[in-house]
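1. Sequence below, structure please.
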Amino acid sequence: MNTEELYRIRGMVRLKKGQGRSLKAGGAWIYDNEIDTIEGDPENGSLVAVEDFDGYPLGTGFINTRSKLTVRMLSRKRGTVVDDALIEMRVRAAWEYRKAVTDTSSCRIIFGEADFLPGIVIDKFSDVLVVESLALGIDRLKPVIVELVKKVLAEDGIQIRGVYERSDAKVRLQEGMERCKGFIGDPFDTKVEILENGVRYLVDVEDGQKTGFFLDQKYNRLALQNLCRRIQPEQVLDCFTHTGSFALNAGIAGSAHVLGVDASELAVAQARENAALNGLSDRVSFQCADVFDLLPALEKEGRQFDVVILDPPAFTKSRSSIKNAVKGYREINLRGMKLVKDGGYLATCSCSHFMDPELFTKTIREAASCVHKRLRQIEYRTQAADHPILWAADESYYLKFYIFQVCEEK
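-> Numbers count the residues shown, from 1 in each chain. Next comes the predicted model:
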């Protein structure tokens, strides 16, 4: 299908009276239960015009009736022509924004709805791009978007040597798409070395989690590095270390002994490789273990740490399981606090979209109360600026990161 056909508007979606509150507040999604009628016979993945119940135009988006998230808005302005020029404008705006707010040696270039290209993520690791496409409509435009990204970067002298697709998330099944991964274009070595905050990493874009590396924590890792450089801790514990990023930042800052823990043998092997890459193997070690089992065991042994870091995976990906997620976050935080020396530090975070800041803060407060600790907030941060938070569109906000000083009640 040529791009002219991709951009043709094939139907009209009309909302029910009183619906579309999120969309009207700046969001990018229309759910199936908000729709009154669908005029024409639009093919899933094609463009449709969107109107309010009274005929007021609300913009243009991709439709997919297989998904509860039925329309993803591409434009909210009346009369906007959707074509290659619009997509190029979006890509250029995304890149100019990154150049203004972050280190672009490795960064997220496209962040879906927050860059007004719903359902697609593109990360840059040095001279490699990793693409994750999660929605049918944008998936059809993927080749166009990838080529435009390469074109825009080339204008700044950045030559991309390879593109890898990591569209293997389960959410694609909800869109009626198959999960897929593989090279877009010529194959290349999928172990890519990057430098972030003075730390070197080997990123496995083929088999690493998500797109290979969690770029969203870039400046949270730097905050932890800066703290360790100031206090020069003797003992640091990094839980859910994945490929060792927080542990390595603690180590490079001069921490004497750092232990990173993860349940994945593959992640621990990669973390050890990264420690060796930075010449830190003598001070930064890694252990494969279940954190929920290890923390009580360390407590029983009487172990104490100057700094404890908790960077767990999302404990919930739906509203229905929030209660269990709260129990999980409360448990690891109270266990973590018990292992912090009096006056030491706890870095803790949640990457769950459904664990909102108020609930996460309340859960940490309850954990501190349970173990009779008092907390002094040192840092509160969210995701790095290359993962922008689009206000009124809460689908782009998910990461909450705190550093506390933990004091015993006396």
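2. Buried residues, the biggest strand by length in the chain. List them.
-> Ranked by residue count, the top strand of the chain under DSSP state E comes out as strand 340-350. Neighbour-count burial for strand 340-350, counted by 16 or more other Cβ atoms under 10 Å, picks out 340-341, 344-350. Heads up, the C-betas are built off the backbone N, CA and C, glycines and all.
3. mind checking the SS state of the most centrally placed residue in the chain?
-> In the chain, the residue lying closest to the centroid (Cα atoms, centre = their mean) is D216, at 5.5 Å. Three-state call for D216 (DSSP: H, G, I helix; E, B strand; the rest coil): helix.
4. Low-confidence ranges, the stretch 201-350 of the chain, go.
-> 317-318 (pLDDT under 70).
5. Going along the chain, name the strands of it.
-> Assigned by DSSP state E, counting those that start in this stretch, the strands in the stretch 201-350 of the chain fall at 235-239, 257-262, 284-288, 305-310, 340-350.
6. Return the distance of the second one from the chain's centre.
-> Its chain's average C-alpha position is 23 Å from that of strand 257-262, according to Cα atoms, centre = their mean, to the nearest Å.
7. ok, back up a step: ok, for the residue nearest to the centre of the chain, nearest residue in space, not its chain neighbours?
-> Closest residue to D216 apart from its sequence neighbours, by Cβ to Cβ, 6 or more residues apart in numbering: Q383 at 4.1 Å.
8. Quick one: mean pLDDT over stretch 384-403.
-> Taken as a whole, stretch 384-403 carries a mean pLDDT of 84.
9. pull the CA atoms of that stretch into CSV?
-> Only the C-alpha atoms of stretch 384-403 are listed here, as CSV (Å, rounded to 0.1, in the frame of the first residue of the first chain):
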residue,chain,number,x,y,z
ALA,A,384,14.4,11.5,31.9
ALA,A,385,13.4,14.4,29.7
ASP,A,386,13.7,12.3,26.5
HIS,A,387,10.6,10.4,27.9
PRO,A,388,8.5,13.6,28.1
ILE,A,389,5.4,13.7,30.3
LEU,A,390,2.5,15.1,28.2
TRP,A,391,0.2,16.8,30.7
ALA,A,392,-3.4,15.9,30.5
ALA,A,393,-2.4,12.7,28.7
ASP,A,394,-1.4,10.5,31.7
GLU,A,395,-0.4,7.5,29.5
SER,A,396,3.0,9.1,29.1
TYR,A,397,3.7,9.4,32.9
TYR,A,398,4.9,6.3,34.8
LEU,A,399,8.3,6.6,36.6
LYS,A,400,8.5,7.8,40.2
PHE,A,401,12.0,7.9,41.9
TYR,A,402,12.9,9.0,45.4
ILE,A,403,16.0,9.2,47.5
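10. buried sites along it?
-> Counting neighbours by 16+ other Cβ under 10 Å, the buried set in stretch 384-403 is 384-388, 390, 393, 395-403.
11. Out of the residues you listed, which two sit at the greatest distance?
-> The widest separation within the buried residues of stretch 384-403, taken as Cβ to Cβ, falls between A393 and I403 and amounts to 27.7 Å.
12. Please, where are all the strands along the stretch 1-150 of the chain?
-> Counting by DSSP E, counting those that start in this stretch, the stretch 1-150 of the chain has strands at residues 9-15, 29-31, 35-40, 47-51, 57-63, 69-75, 106-111, 120-125, 128-133.
13. any idea of the mean pLDDT for the shortest one?
-> Right, strand 29-31. 94.
14. Could you do the fifth one as well?
-> pLDDT averaged over strand 57-63 equals 96, rounded to a whole number.
15. Give me the sheet partners of it and which way each runs.
-> For strand 57-63, the paired strands and their directions (DSSP bridges) read strand 47-51 (antiparallel), strand 69-75 (antiparallel).
16. what's the closest of those strands to Y7?
-> Using Cβ to Cβ and comparing these, the one that lies nearest Y7 is strand 47-51, at 6.5 Å.
17. So what touches that closest one?
-> 6-15, 23, 30, 38, 40, 42, 57-63, 71, 73-74, 82, 137 (Cβ atoms under 8 Å, 6 or more residues apart in numbering).
18. give me that answer again for 6 Å
-> Here strand 47-51 makes contact (Cβ atoms under 6 Å, 6 or more residues apart in numbering) with 9, 11-14, 42, 57-61, 63.
19. Give the PyMOL command for selecting the buried subset of the residues you listed.
-> Buried residues within these, as defined by 16+ other Cβ under 10 Å, are selected in PyMOL through the command that follows:
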select buried, resi 11+12+13+14+42+58+59+60+61+63
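20. Let me know the closest of the buried residues of stretch 384-403 to E147.
-> Comparing every one of the buried residues of stretch 384-403 with E147 (Cβ to Cβ), the shortest separation belongs to D386, at 20.9 Å.
21. Thought V101 was touching that closest one, still the case?
-> No: if you go by Cβ atoms under 6 Å, D386 and V101 don't touch, sitting 7.1 Å apart.
22. quick one, what contacts I109?
-> If you count contacts by Cβ under 6 Å, 6+ apart, I109 has them with 94, 122, 124.
23. Would you quantify the distance from the closest residue to the last one other than its chain neighbours to L129?
-> Nearest residue to K124 in three dimensions, chain neighbours excluded: I109, at 5.3 Å (Cβ to Cβ, 6+ apart). Taking Cβ to Cβ, to the nearest Å as the criterion, I109 is separated from L129 by 8 Å.
24. Common neighbours of these two, please.
-> Between them, I109 and L129 share the neighbouring residues I122, with contact defined by Cβ under 6 Å, 6+ apart.
25. For the residue nearest to D216, grab the count of nearby residues.
-> Using other Cβ atoms under 10 Å as the criterion, Q383 is surrounded by 25 other residues.
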